[in-house]
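K.L.:
My questions are about this predicted structure, shown below with the sequence.
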Amino acid sequence: QSYCHRLQQDMYFLTSNSRLNEQVVDKIVLQLNRVYPQILTNAEAEKFRNPKASLHTRLSDLIKHLQKKGDRHCQEFYRALQINAEQLYNDLPSRKIL
C-alpha cells in the first residue's frame, strides 16, 4: 500500500476534530521544508504556515499537495508526523490495518 493511498485513508482523521494543533502543523511543514532533498519549497512552506487561512484548510491543502507530488513526499509527511505527534501517528486508521 503506497504512502499516498494511506494518506488518502488518513486524511479525514487528520483534518477532523482539531487533532493537530497549529504548533504541530508548523513543525511538520518546517521539517518538510528543511529535509534534503526538499519536500516543500520556501514559498510552499510559507503558504502552508499562513495564519490567515484556517488550520483545517492549510492541513487539507498540504495533504492534497503532497499526494500530487508522489509517494516519497507522502512518506516524508508520515515521518514528520511520527516525530512531531507520535501518539497521533500511532492512532492513524491506516496503522490499524497494517
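P.N.:
Nice, I can see it.

K.L.:
Buried ones in stretch 12-21, by neighbour count?
P.N.:
Leu14, Thr15, Leu20 (16 or more other Cβ atoms under 10 Å). Quick note: C-beta positions are derived from backbone N, CA and C, even for glycine.

K.L.:
again, but for stretch 57-65
P.N.:
Neighbour counts using 16+ other Cβ under 10 Å place Arg58, Leu59, Ser60, Leu62, Ile63, His65 of stretch 57-65 among the buried residues.

K.L.:
so how far is that stretch from its chain's centroid?
P.N.:
Going by Cα atoms, centre = their mean, to the nearest Å, the spacing between the C-alpha centre of stretch 57-65 and its chain's C-alpha centre is 8 Å.

K.L.:
do stretch 8-23 as well
P.N.:
Distance, stretch centre to chain centre, for stretch 8-23: 9 Å (Cα atoms, centre = their mean).

K.L.:
hmm, back to that, so which of the buried residues of stretch 12-21 is the closest to Glu46?
P.N.:
Distances from Glu46 to the buried residues of stretch 12-21, taken as Cβ to Cβ, are shortest for Leu20 (18.6 Å).

K.L.:
The closest one touches Gln87, doesn't it?
P.N.:
No: with contact defined as Cβ atoms under 8 Å, Leu20 and Gln87 do not form a contacting pair (11.5 Å).

K.L.:
Of the buried residues of stretch 57-65, just say which sits nearest to Tyr3.
P.N.:
Distances from Tyr3 to these, taken by Cβ to Cβ, are shortest for Ile63, at 11.4 Å.
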